[in-house]
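> Next input, structure requested:
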Amino acid sequence: MGLWTDLKILYRMVFHPGRGQDHASRMESFYAPQAAYYDSFRRRLLKGRDDLWQAIGVPENGLWVDLGAGTGANAEYFGDNISRLRKVILVDLSPSLLAVAQERIKSHGWTNVETQVADATVFQPPEPADVVTFSYSLTMIPDWFAAIDNAWRMLKPGGKIGVVDFYVSRKHPAPGMKRHGACARLFWTFWFNYDDVFPSPDHIPFLQRRFRQILLEERRAKVPYLPLARAPYYLFVGEKTEESPAPPYFSA
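The predicted model follows:
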């Protein structure tokens, strides 16, 4: 794992974007060839995941669903506290990434962690969840609003949603929110869109509408091999309350 691995990742990103007739096949075609060394590069690019896990906390005997879980690397942020959870379900559309997650589960000896190949917009666990998380997955889900609505449905009252992801600000953000210049908005939109990653100015406002906001942080992260670049990303933690507006329709 090093420069050679990074070069292989960058080669795949530039010359072999995902191809296929639907979202699932595009995801698998893009990630299958790099699944074995997926985590090395992303660990330096995808910041804030450990901070999000710490901010949410571990609900005693709870059910935690990670939507778009990939290789299951996020589960390691629980540390020894993972044993306090009744169950963790790692959901992803890519069987190749979840195969790596299965190896991770086996190597750690986790008996309360399972994987599920499924669509985040429709998957429902067998019982209401205490926590639902999206870690750099909302930007890769075409119907991200349906995924958030689906998370709302699977959460029990008082349950928490946690999101960490890239984004761009609105041209005229709400008071107190950060504003990115026009060049930054255009650059990051174009840069990420090439690999079917779609940072949106609307993630945060939609999350704020669906859930009672507990935490919101807008940050920037270094990008490997782009020394002057700082990609904007956010952390959001919200709670499903009785006042939280229910989704107006069921996305199937």
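
> Find the residue ranges of this structure scoring beneath the pLDDT cut-off.
1-44, 249-252 (pLDDT under 70).

> May I have the phi/psi pair for the residue nearest to the spatial centre of it?
For the chain, the residue nearest the mean C-alpha position is residue 135 (2.2 Å; Cα atoms, centre = their mean). Main-chain torsions, residue 135, degrees, to the nearest 10: phi -110, psi 100.

> Hmm, residue 68 and it touching each other?
Yes - Residue 135 lies in contact with residue 68 (Cβ atoms under 8 Å); the separation is 6.9 Å. Where C-beta positions appear, they are placed from N, C-alpha and C, glycine not excepted.

> I'd like the C-alpha coordinates of stretch 208-221 written as PDB, please.
Extracted as PDB, the C-alpha positions of stretch 208-221 are listed here (Å, rounded to 0.1, in the frame of the first residue of the first chain):
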ATOM      1  CA  GLN A 208     -32.600  20.100   8.600                       C
ATOM      2  CA  ARG A 209     -36.200  19.800   7.300                       C
ATOM      3  CA  ARG A 210     -36.600  16.100   8.100                       C
ATOM      4  CA  PHE A 211     -34.800  16.000  11.500                       C
ATOM      5  CA  ARG A 212     -34.100  18.100  14.600                       C
ATOM      6  CA  GLN A 213     -30.600  19.300  14.100                       C
ATOM      7  CA  ILE A 214     -28.200  18.200  16.900                       C
ATOM      8  CA  LEU A 215     -24.900  19.000  15.200                       C
ATOM      9  CA  LEU A 216     -23.800  20.700  12.000                       C
ATOM     10  CA  GLU A 217     -20.200  21.400  11.100                       C
ATOM     11  CA  GLU A 218     -19.000  22.600   7.700                       C
ATOM     12  CA  ARG A 219     -15.300  21.800   7.100                       C
ATOM     13  CA  ARG A 220     -12.600  21.300   4.400                       C
ATOM     14  CA  ALA A 221     -10.300  18.400   3.800                       C
END
